[in-house]
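# Pasting the sequence and the predicted coordinates here, then a few questions.
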Amino acid sequence: MASQSSSQTIGPFFHGALIRGKEHILISDQSEGERILIQGQLFDGDGHPVPDGMIEIWQADGRGFFNHPADPHRSQADPHFRGFGRAETTDGFTFYTIRPGIIPGHVVPFINVRIFARGMLIHAVTRIYFDDEKENENDPVLRLVPPHRRHTLLAVGEDGGRWPTFRFNIYLQGPRETVFFL
């Protein structure tokens, strides 16, 4: 009788291969705009922290421009702002960044997010919006999300700290599951 092989999942391989240190810091001393801190935790379907995942963010600078060849406004982008960052989820995740400006053609600022974790063959994609934006109700993407689920896309401002701090927890499954996009 043949024995059954043990089950395997992909990863975790993020720390050794993709995280070398300081990828969570998107700013320099010369970066323009309001410095903010985004902190959060990645949770599995049972509500337990996922300690070996990776979060990537991609965002506009403080004026709404990307320092990327695909942005037609690249010449106006802040050359001292990276716009892309990665963080491991060992003890939660933290990003030192700039509050993004409104991208031309959009209504409110947001940050694009990709989530990688063991067992996920394809990364998950979501966005971070800010709970203190008055125009959130007019954003065409947020309006597509059922009202009772929109809160899963909102980073909530927290008191204290040197810089404005926003909490954004990500739930991969379960009753508090974050809204994900294809």
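Structure's in. What do you need? Given the structure is predicted, the values throughout are model-derived calculations rather than measurements.

# Find the centremost residue of this protein, please.
residue 113 (3.6 Å; Cα atoms, centre = their mean).

# Show the low-confidence segments of the chain, by residue range.
1-20 (pLDDT under 70).

# Mind jotting down where the helices sit in it?
14-18, 140-144 (DSSP state H).

# For the last one, buried residues please.
The reference is to helix 140-144. Across helix 140-144, burial judged by 16 or more other Cβ atoms under 10 Å covers residue 142. C-betas here are computed from N, CA, C, even on glycine.

# Repeat that for stretch 24-36.
24, 26-27, 31, 33, 36.

# and those residues, which two are the farthest apart?
Spanning the widest gap among the buried residues of stretch 24-36 are 24 and 33, at 17.2 Å by Cβ to Cβ.

# In contact with the residue nearest to the centre of the chain, which residues are there?
55-57, 125-128, 170 (Cβ atoms under 8 Å, 6 or more residues apart in numbering).

# what's the burial count for residue 73?
Using other Cβ atoms under 10 Å, residue 73 is surrounded by 14 other residues.

# Tell me if I'm right that it and residue 65 touch.
Yes - at 4.7 Å, residue 73 and residue 65 qualify as touching, with contact defined as Cβ atoms under 8 Å.

# Tell me where the protein has strands.
Per DSSP state E, the chain carries strands over the ranges 35-40, 42-43, 54-59, 84-88, 93-98, 111-116, 124-130, 154-158, 165-167, 170-171.

# Distance to residue 145 added to those strands, as JSON lines?
Output for these, formatted as JSON lines (distance: least, Cβ to Cβ, whole Å):
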{"stretch": "strand 35-40", "distance to residue 145": "19"}
{"stretch": "strand 42-43", "distance to residue 145": "19"}
{"stretch": "strand 54-59", "distance to residue 145": "19"}
{"stretch": "strand 84-88", "distance to residue 145": "24"}
{"stretch": "strand 93-98", "distance to residue 145": "23"}
{"stretch": "strand 111-116", "distance to residue 145": "15"}
{"stretch": "strand 124-130", "distance to residue 145": "10"}
{"stretch": "strand 154-158", "distance to residue 145": "10"}
{"stretch": "strand 165-167", "distance to residue 145": "19"}
{"stretch": "strand 170-171", "distance to residue 145": "15"}
